[in-house]
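**Student:** for reference, the sequence and a predicted model appear below.
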Number of protein chains: 2
Amino acid sequence: MKPVNIGILGLGTVGGGTVEVLRRNAAEISRRLGREVKVAAVSTRDAQKARALCGADTLITDDPFEVVRHEGIDIVAELFGGTEIAKDLVLEAIENGKHVVTANKKLLAEYGNEIFARAEAKNVMVQFEAAVAGGIPIIKALREGLAANNIRSIAGIINGTSNFILSEMREKGSAFADVLKEAQALGYAEADPTFDIEGHDAGHKITIMSALAFGTPVNFAACYLEGISRLDSRDIKYAEELGYRIKLLGITRKTEKGIELRVHPTLVPECRLIANVNGVMNAVRVQADMVGETLYYGPGAGALPTASAVVADIVDICRLMDAGVQNRVPYLAFHPQGVQPLTMLPMDEITSSYYLRVQAEDKPGVLGNIASLLAKQEISIEALIQKGVIDGSKAEIVILTHSTVEKQMKAAIAEVEALASVSEPVVMIRMEALNG
Amino acid sequence: MKPVNIGILGLGTVGGGTVEVLRRNAAEISRRLGREVKVAAVSTRDAQKARALCGADTLITDDPFEVVRHEGIDIVAELFGGTEIAKDLVLEAIENGKHVVTANKKLLAEYGNEIFARAEAKNVMVQFEAAVAGGIPIIKALREGLAANNIRSIAGIINGTSNFILSEMREKGSAFADVLKEAQALGYAEADPTFDIEGHDAGHKITIMSALAFGTPVNFAACYLEGISRLDSRDIKYAEELGYRIKLLGITRKTEKGIELRVHPTLVPECRLIANVNGVMNAVRVQADMVGETLYYGPGAGALPTASAVVADIVDICRLMDAGVQNRVPYLAFHPQGVQPLTMLPMDEITSSYYLRVQAEDKPGVLGNIASLLAKQEISIEALIQKGVIDGSKAEIVILTHSTVEKQMKAAIAEVEALASVSEPVVMIRMEALNG
């Protein structure tokens, strides 16, 4: 069979990694496919880097639109990042009948519905394994491996920067700001870390997984985002004393009322495998009705791990590009006619357990007052411990609650904060038992 | 599109589970596929059970050959078990142009090459996700998700019975025989547990994964098998004191000399995720050149989890049955022309670190003698601890070695056992750092 020609847009970390994987493993990939995969064109502003990485017969250009319009290109790998030019490039590649591979989670979480609709109209594949959890083949697991199941929920450690920071805060008892500096020095966090530490990146990824799990259009606007920047290392310590680890989880869950879609710091029992995923590694736990619990672990970022996913998508497309459209795996896991807009729950309507830390005057009756305010909102307490006295007069009370609806929790917290004996805002962190 | 007709052979645990999954999740599966999947025929001796599980339009027969010969059947699910009749049934289904799904690891590990060759000749698919690690989509990860990689090694907890027994022995300090009885009472072990506890089942599974990882024919005869029945709970305790857990691992690794393929109890550092996989759960760790380490965790057995994998295979076939043959994922992950017989290493040639426990007279010089016998075979010692004295006169010496070739380890052990001060056979358990 004739070689498949790939056009690569962008030669940054992932783009460069993709060229490297295709070159270093050319023989193994041909052995798998029975045909050759060629980097036929690359768009980059760094022609020198491109020349060093690519063969003499690769077209090198600084105009990415030249690549998406190039007649000889079968598959365009959009490794450009961002959404403005990337969206135009992907749509134009689709219009030109080219299959697309992208690692761009932001693009798909925000414009996926438009992109998939155009791809369907033009009969081309859009693959995006690298957009979620880097080298872990989680998209394939959700779209194909678990196809027998009604997926119930997904909980994932899907931002390596945040997980590294939380792991270090726990191990060393350090403050968030100090560990962030360390992560920046190690190259695990960007100079402007907002995107990672405030949950945007995890939000894009859980939005994509939510759509695949439940067969509903991507809906990033419905995703609740809360990052780790305001996390106090004291809460990490208290949580550990109670048998929990705090992880930044992306969570999506199908309930009778609608779909929960949220990113926030979360207490997880330390006996769960996912609680033991440390450093920059990622892990995604899926709960499904027939198989039960499965978990997928691996590197969520980095040039070669991410390129591993990009190239797996290229291999998939090479296998299916000559097959009929009906033989392909659907973009959103479900047949286009099976994709349904589902109700997305606002954060007030989600159900969770909670960790609360209340700073109050150390005098009789305070604890009882707090407990009755919780009871008034029908919130029952799983554990309550009084931590040491601060400044001679204030006590810290740590409470774990049973499951309740978030708006009731918020109402109770407002009433607790209104108590004369409580001066500081109550710290609230959500908990997930991950046992079903 | 018209429905796809499935013929189910065998209505035991997995067969019954498959009918149940197809029935309970019929709507979700149709939503994914855009077409209906129908259980058109079932072969079983228990017509009553079949009638209760299946619709009125399902053909129920006690002759499985009637199903594989039935004109209306598109896909045969062989959930019969065993190898004799199962092999005839699968081959006849293939001759009749039917696609096959099987959960039968023994059949594939022993007769896979013959079956895949016939399937290729007849242009049908043979899928076997359920044959390895139950509900975990590990075959899909190896054949598709990691297609960009040269796979280096696989280490898996792939027998739930053994993992349950080892978990209980560690937690309760109980003896093997006692925990086995408990596992039998709980239904986690068969009345005749040989197949599970002596490593045969894990051997079949790692043999299949080895073939997929490296693109080489299945070769169960080359697989070294050592089970857990002779494991002493003392060694589990000593290993834990040294920071290790003992797991029954299936291991396969590509080395310059050839392919290692083996099943045996193995010390694993407790900081590795796989060391924390407890009870009947399975996990497979894959080391590959581009992505690095990934791990896949989930239930390795049970009616519904295994059926989840069977039905995922059915969905894959439904998607591809109308596509050209060249569009399908190859049986052994590599294009048939890319599958190569590779050198399989005999056990003496594998490389490992070792845990040794030596019982010796408690007198000066013994420890030095043992150390020099190891040094003579160029084996270096990572840690050596002398445990308490037994019977007033004998000491137990526990040694962890650095990496060495197994035949040198065996030569050293033979010399240690020949020492006058050593009366008992040396206990030897292999170790894997799983750090690369």
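**Tutor:** Arrived safely, thanks for sending. Numbering: from 1, shown residues only, chains lettered A, B, ... in the order given.

**Student:** mind listing the helices for the stretch 201-350 of chain A?
**Tutor:** Assignment of helices within the stretch 201-350 of chain A using DSSP state H, counting those that start in this stretch yields the ranges A:233-241, A:303-320.

**Student:** wait, does the last one contact chain B?
**Tutor:** So the one you mean is helix A:303-320. Yes. Using C-beta under 8 Å from any C-beta of the partner chain, helix A:303-320 reaches chain B at A:304-305, A:307-312, A:314-316, A:319-320. Backbone N, C-alpha and C define where each C-beta goes, glycine included.

**Student:** residues contacting A:Ile158?
**Tutor:** Taking C-beta atoms under 8 Å, 6 or more residues apart in numbering or on different chains as the criterion, A:Ile158 is in contact with A:Val132, A:Ala133, A:Asp201, A:Ala202, A:Lys205, A:Ile206, A:Gly250, A:Asn282, A:Val284, A:Gly300.

**Student:** run a quick neighbour tally on the first one.
**Tutor:** So that's A:Val132. A:Val132 is surrounded by 29 other residues when neighbours are defined as other C-beta atoms under 10 Å in any protein chain shown.

**Student:** for stretch A:54-61, measure first residue to last.
**Tutor:** Across stretch A:54-61, the terminal residues are separated by 12 Å (C-alpha to C-alpha, to the nearest Å).

**Student:** now what about stretch A:61-70, what contacts it?
**Tutor:** The contact list for stretch A:61-70, computed with C-beta under 8 Å, 6+ apart, reads A:7-10, A:40-45, A:47, A:59, A:73, A:76, A:80, A:85, A:89, A:92-93, A:96, A:98.

**Student:** also stretch A:109-127?
**Tutor:** A:83, A:87, A:90-91, A:94-95, A:97-102, A:107-108, A:203-205, A:207-208, A:211, A:217-218, A:220, A:223, A:313-314, A:316-317, A:320-321, A:325, A:328, A:331-332, A:336.

**Student:** repeat that with 7 Å
**Tutor:** The contact list for stretch A:109-127, computed with C-beta atoms under 7 Å, 6 or more residues apart in numbering or on different chains, reads A:83, A:87, A:90-91, A:94-95, A:97-101, A:108, A:204, A:207-208, A:217-218, A:220, A:313, A:316-317, A:320, A:325, A:328, A:331-332, A:336.

**Student:** in strands, which of the residues you listed fall?
**Tutor:** Mapping these onto strands (DSSP state E) picks out A:His99, A:Val100, A:Val101.

**Student:** next one: the closest residue to the second one other than its chain neighbours from chain B, what distance?
**Tutor:** Once its chain neighbours are removed from consideration, A:Val100 has its nearest residue in A:Val126; the separation is 4.7 Å (C-beta to C-beta, 6 or more residues apart in numbering or on different chains). Spatial separation of A:Val126 from chain B under the definition C-beta to the nearest C-beta, to the nearest Å is 17 Å.

**Student:** what is the neighbour count of A:Val126?
**Tutor:** 23.

**Student:** and it, how far from A:Ala288?
**Tutor:** Counting by C-beta to C-beta, to the nearest Å, the gap from A:Val126 to A:Ala288 is 24 Å.

**Student:** please apply the same query to A:Ser353.
**Tutor:** Taking C-beta to C-beta, one finds A:Ser353 at 22 Å from A:Ala288.

**Student:** same question, A:Lys106
**Tutor:** Taking C-beta to C-beta as the criterion, A:Lys106 is separated from A:Ala288 by 27 Å.

**Student:** and the two? Which one has more around it.
**Tutor:** More neighbours surround A:Ala288 than the other of A:Lys106 and A:Ala288, with 25 against 21 (other C-beta under 10 Å).

**Student:** quick check: the more buried one touching A:Ala147?
**Tutor:** No. Using C-beta atoms under 7 Å as the test, A:Ala288 is too far from A:Ala147 to be in contact (10.1 Å).

**Student:** and which of the contacts of A:Ile158 is nearest B:Val358?
**Tutor:** Checking the contacts of A:Ile158 against B:Val358 with C-beta to C-beta, the nearest one is A:Asn282 at 42.9 Å.

**Student:** stretch A:277-286: which residues count as buried?
**Tutor:** Residues A:Val277, A:Asn278, A:Val280, A:Met281, A:Asn282, A:Ala283, A:Val284, A:Arg285, A:Val286 are the ones in stretch A:277-286 that count as buried (16 or more other C-beta atoms under 10 Å in any protein chain shown).

**Student:** with adjacent residues omitted, what lies nearest to the first one?
**Tutor:** Leaving aside its chain neighbours, A:Val277 sits nearest to A:Ala283 (4.3 Å; criterion: C-beta to C-beta, 6+ apart).

**Student:** my guess is that neighbour contacts A:Pro299, does it?
**Tutor:** No. If you go by C-beta under 7 Å, A:Ala283 and A:Pro299 don't touch, sitting 10.6 Å apart.

**Student:** wait, doesn't A:Gln359 sit right on A:Val426?
**Tutor:** No. Contact criterion C-beta under 7 Å: A:Gln359 and A:Val426 do not qualify, at 8.2 Å.

**Student:** partners of the helix or strand of chain A with the lowest mean pLDDT, with directions?
**Tutor:** Using mean pLDDT, DSSP states H and E, the weakest-scoring helix or strand in chain A turns out to be strand A:381-390, at a mean of 85. Looking at strand A:381-390 with DSSP bridges, its partner strands are strand A:394-401 (antiparallel).

**Student:** does A:Leu59 touch A:Val39 like I think?
**Tutor:** No. A:Leu59 lies out of contact with A:Val39 (C-beta under 7 Å); the separation is 9.4 Å.

**Student:** and the two? Which one has more around it.
**Tutor:** A count of neighbours by other C-beta under 10 Å puts A:Val39 above the other of A:Leu59 and A:Val39, at 22 against 18.

**Student:** what's the helix or strand for that one?
**Tutor:** strand A:37-43 (DSSP states H and E).

**Student:** whether that strand contacts chain B - can you check?
**Tutor:** No. Strand A:37-43 stays clear of chain B (C-beta under 7 Å from any C-beta of the partner chain), getting no nearer than 9.8 Å.

**Student:** tell me the average confidence for that strand?
**Tutor:** For strand A:37-43, mean pLDDT rounds to 97.

**Student:** quick one: list the elements packing against that strand.
**Tutor:** When contacts are defined as 3 or more C-beta pairs under 7 Å, 6 or more residues apart in numbering or on different chains; DSSP states H and E, strand A:37-43 packs onto strand A:4-9, helix A:13-24, strand A:59-61, helix A:64-69.

**Student:** save the ones you listed as CSV, and put in distance to A:Ile370 and mean pLDDT too.
**Tutor:** Formatted as CSV, the helices and strands packed on strand A:37-43 follow (distance: least, C-beta to C-beta, whole Å; pLDDT from 0 to 100):
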stretch, distance to A:Ile370, mean pLDDT
strand A:4-9, 56, 98
helix A:13-24, 49, 97
strand A:59-61, 66, 97
helix A:64-69, 59, 98
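
**Student:** tell me which of those sits most buried.
**Tutor:** Greatest average neighbour count among those goes to strand A:4-9 (a mean of 26), per mean count of other C-beta atoms under 10 Å in any protein chain shown.

**Student:** measure A:Leu108 to A:Glu114 for me?
**Tutor:** According to C-beta to C-beta, A:Leu108 stands 10 Å off from A:Glu114.

**Student:** who's more crowded, those two?
**Tutor:** Neighbour tally, A:Leu108 and A:Glu114, criterion other C-beta under 10 Å: the higher count belongs to A:Leu108, 27 against 14.
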